[in-house]
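Engineer: sequence? don't have it. structure:
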């Protein structure tokens, strides 16, 4: 980014030196003033680095008049973004209309009122800075979009394709036989690790597409009961106390199901993020409750001890907002909300009960009889 100059530069163009002196006396305390007595000289100064931030331009000048100077400035890529303010004794409405038609930003009638001149100059400079900032933001946004597309291409071609091929190797070796028990176990672990990696790649590809609005959902029946069991085992580890999972007010049983209409990958990513946050918020994973409530839509309530910091409650689902966890990225709830909405659902936060945080996810129920 180009560093800002300490003082904005204003180019005053008028064929009468006394008029330039008047404007210079008004502007000099706040701005750096350059002057030109002819239109040709004005164009030269406008194209000389550093260019002026604003041009105050007279209309009636010998040779090249102000209209022609303005026209040439606006036709040049190097100078077209410099605001031009006509300062002239020509007060006819047709003259003013012609000036704006040439691309002028404002029109000031002589004799100049100092306070009015300073106010209009300040306004035009603020507008110029705002437009420059907006243009920079747009450039950054375009660059980010190109980077996102590049990352997506890397995931799809440079990671996913060779990873899919590598996953077949352990299976091929196991099928061929002549392996010891330890070798089979090692190849099985290798295959499982590869599947987890492929799961991560697919997950991030989906998130990139959801963010840029190109994701095409393909909803199917997803049973959340076995999914939550797997998530809790994976997050808590073997032998640890697991969160309590209830279905319609009672502890789940082996044969219970809770089918929703969604996508396996998105559901897993969504609930793994939210359950992980709930577990990390306290010291006892068994204090976390996962409540499955039948209906259409289905409701999934994740409740844990502890409160969300008041300062971030309004921004809880925004990107990069974290509750101060040392390893927190601020992406868990943000991506969770994206995934829920991509499946036609949503996520809400409830902090109304002291000492407790409740997240409620709603997802379309899978139609009965299908």
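Structural biologist: Right, received. Where do you want to start? Quick caveat, the model's predicted, so the values are computed rather than measured.
Engineer: any low-confidence regions in the stretch 1-150 of the chain?
Structural biologist: 1-5, 148, 150 (pLDDT under 70).
Engineer: What are the boundaries of the helices in it?
Structural biologist: Applying DSSP state H, counting those that start in this stretch to the stretch 1-150 of the chain gives helices spanning 17-27, 39-46, 66-75, 93-101, 114-153.
Engineer: Which among those is found nearest to residue 196?
Structural biologist: helix 114-153 (19.7 Å; C-beta to C-beta). Any C-beta I mention is one placed from the backbone N, CA and C, and that applies to glycine too.
Engineer: Do you know the pLDDT at the spatially most central residue of the chain?
Structural biologist: Among the residues of the chain, the one closest to the centroid is residue 319, at 7.6 Å (C-alpha atoms, centre = their mean). Among the per-residue scores, residue 319 holds a pLDDT of 79.
Engineer: Report the separation between the residue nearest to it when sequence neighbours are not counted and residue 94.
Structural biologist: Closest residue to residue 319 apart from its sequence neighbours, by C-beta to C-beta, 6 or more residues apart in numbering: residue 334 at 4.6 Å. Using C-beta to C-beta, to the nearest Å, residue 334 is found at 56 Å from residue 94.
Engineer: ok, the residue nearest to residue 319 - contacts?
Structural biologist: Going by C-beta atoms under 8 Å, 6 or more residues apart in numbering, residue 334 touches 317, 318, 319, 320, 321.
Engineer: could you say which helix or strand contains it?
Structural biologist: helix 332-342 (DSSP states H and E).
Engineer: What's the mean pLDDT across the next helix-or-strand element following that helix?
Structural biologist: Where DSSP H and E defines the elements, the next helix or strand beyond helix 332-342 is strand 346-350. Averaging pLDDT along strand 346-350 gives 95.
Engineer: Run through the neighbouring helices and strands of strand 346-350.
Structural biologist: Under the contact criterion of 3 or more C-beta pairs under 8 Å, 6 or more residues apart in numbering; DSSP states H and E, strand 346-350 touches helix 332-342, strand 356-363.
Engineer: Number of residues surrounding the nearest residue to residue 70 once chain neighbours are set aside?
Structural biologist: Computed as C-beta to C-beta, 6+ apart, the closest residue to residue 70 that is not its neighbour in sequence is residue 102, at 4.4 Å. By other C-beta atoms under 10 Å, the residues close to residue 102 number 19.
Engineer: Please renumber the chain so that the first residue is 25 from this point on.
Structural biologist: Understood, numbering begins at 25; the last thing we discussed is residue 126.
Engineer: on that earlier part again, make CSV from the helices of the stretch 25-174 of the chain and add distance to residue 324 and mean neighbour count to it.
Structural biologist: Formatted as CSV, the helices of the stretch 25-174 of the chain follow (distance: least, C-beta to C-beta, whole Å; neighbours: other C-beta atoms under 10 Å):
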stretch, distance to residue 324, mean neighbour count
helix 41-51, 65, 16
helix 63-70, 63, 18
helix 90-99, 59, 19
helix 117-125, 59, 14
helix 138-177, 29, 13
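Engineer: TSV for those helices, including distance to residue 387?
Structural biologist: Shown next, in TSV, are these (distance: least, C-beta to C-beta, whole Å):
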stretch	distance to residue 387
helix 41-51	63
helix 63-70	60
helix 90-99	55
helix 117-125	55
helix 138-177	26
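Engineer: Out of those, which is closest to residue 267?
Structural biologist: Nearest of the helices of the stretch 25-174 of the chain (C-beta to C-beta): helix 138-177, 33.4 Å.
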